[in-house]
Every structure is written in structure tokens, then in C-alpha cells.
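Trainee: what would the 3D arrangement of this be:
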Amino acid sequence: MKKILVCDDEISILDMVKIFLTKEGYEVITANCGGEALSLISSKSPDLIILDVMLPDINGFDILKTISTKYKIPVIMLTAKSDTVDKILGLEFGADDYVTKPFDMRELSARIKALLRRMEDVQNYSSNIFSYNGLEIDFNEKTVKKGSRIINLTPKEFELLKILTSSKGGVLTREELLNKVWGYDFYGDTRTVDIQIARLRKKIEDDPSSPEYIITVFGFGYKFGK
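Mentor: Residues are numbered from 1 along each chain as shown. Below you'll find the model as predicted:
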């Protein structure tokens, strides 16, 4: 049974989500503030986190940055309907998806299923080790090293890297990456891909402005390696 942590300061939302997702077959744990959420992440090891941006004690983005640094847990952010800036910031800080308030529980459930399914696909990737110019990716352990240095990636960054390396030097368009990594039901646009590519380059490239791993093919998209 997959375990989902829901963090929101509105008790009515927590209750609604918990009842619905419990009926869907998930184990649901809830927190109504950021401090409680961080404690539960450490003690309960959830498989997925649903995180509100606006919390009474700790900003949701600060919690997201902590999650991205310390854990490999996918995160769906809850944002206000009109807050495009919040959506972009969430993706930049490592969110895997977002749902706008007010939301339909069936939509949230579909996004959870799609995200968990894509995470399982990453875990089941057949090749164990991929190496290229000092970069080593262990797909079973979901670890990335450059030399002796371990690089911490978010689940979405790892999945994006996996898709790029599995293309064997072929060029993938932004639309293809959006569909392969985020899924056809994702409501974002191709800027989402560019944001995540920029984040990934900062972590794995010596000089992100002159990358050797993730190469831009102007007018088309991206490829891995020169």
C-alpha cells in the first residue's frame, strides 16, 4: 500500500483528501503545518507528498527545497488558481506536478496514479549503470555520481536524466520530454521542460552555460552528450 502525506492548513481539505484517497486504497497521513510535515517525512517515509504553498509556519517552497535536498520523494504542489508564479517557482524548486485550488478529487487521484506509475518505471529501468565522461548513473539505486561526488536529484530530475540518457544521443523535442516525463495528462507547457533542464544542468555540469551532458539542439529540443 502506497503511503501519501498531505500537508495543508485547511482541515476541511485534509479531511476530504484523506477520505477520498483512503477509499482509493492509499495509506494517508496528514499535517496542518510545515514543521509537522517535515517530522512525518522523516519518521513515516511517505511514497508521495501533496504540499500546499501557503502554510502558517514554514513556506511551502522552503519545505520543498528541504525535500529536494534530503529525499527522493515526488511532490505535488497545491497552488491558488491564479498564481502562475507559484507554479513556476514550485517546478524550479523541484516539484513534480501541481494542482490548482479548488481542485477535483478525481483529477488529483489521476495525477497521483500517473506520478507513482512513472516513478515505478524509473525504478524498474533495466540497465543498472550508465557512465559518460565521469558521470555515473545507477538506475537501480537511483543515484548519480560525478567522480566521487554524489549529486542529489529530485525524482523528476532523475526521471528526466533517465529519459535523455536512454535516447542514445537522439534529439528529443520539448513536447516529447513533457509527455515522457510528465505524462499526457500534465497541464503545463514546454517551459516546464526548460526549467527542469536548467535545474539539472546546475547540478551535473561543470559550466551550465557550456554543457557537455545535456545539449540544446536549437529549433528542436535536447539530447544527451555531444
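Trainee: which other residues reach the strand or helix carrying residue 113?
Mentor: Assigned by DSSP states H and E, residue 113 belongs to helix 105-123. Contacts with helix 105-123, where a contact means CB atoms under 8 Å, 6 or more residues apart in numbering, come from 2, 4, 16-17, 20-21, 24, 26, 47-48, 50, 74, 76, 96-97, 99, 139-140, 142, 155, 158-159, 162, 181, 183, 185. All C-beta atoms are positioned from the backbone trio N, CA, C, and that covers glycine.
Trainee: among those, which ones are buried?
Mentor: Using 16 or more other CB atoms under 10 Å as the burial test, the contacts of helix 105-123 include 2, 4, 17, 21, 24, 26, 47-48, 50, 74, 76, 96-97, 99, 139, 142, 155, 158-159, 162, 181, 183 as buried.
Trainee: which ones among the contacts of helix 105-123 lie within helices?
Mentor: Using DSSP state H, 16, 17, 20, 21, 155, 158, 159, 162 are the members of the contacts of helix 105-123 that sit in helices.
Trainee: identify the farthest-apart pair in those residues.
Mentor: Among the ones in helices among the contacts of helix 105-123, the pair separated by the greatest distance (CB to CB) is 16 and 162, at 34.4 Å.
Trainee: where are the low-confidence patches of this protein?
Mentor: Low-confidence segments of the chain (pLDDT under 70): 81-87, 120-127, 168, 184-189.
Trainee: which ones are touching the residue nearest the centre of it?
Mentor: Nearest residue to the geometric centre of the chain (CA atoms, centre = their mean): residue 96, 2.8 Å. Applying CB under 8 Å, 6+ apart to residue 96 gives the contacts 74, 75, 76, 115, 154, 155, 156.
Trainee: what does residue 170 give?
Mentor: residue 223.
Trainee: can you confirm it is in a strand?
Mentor: No - Residue 170: not assigned to a strand; according to DSSP: H, G, I helix; E, B strand; the rest coil it is coil.
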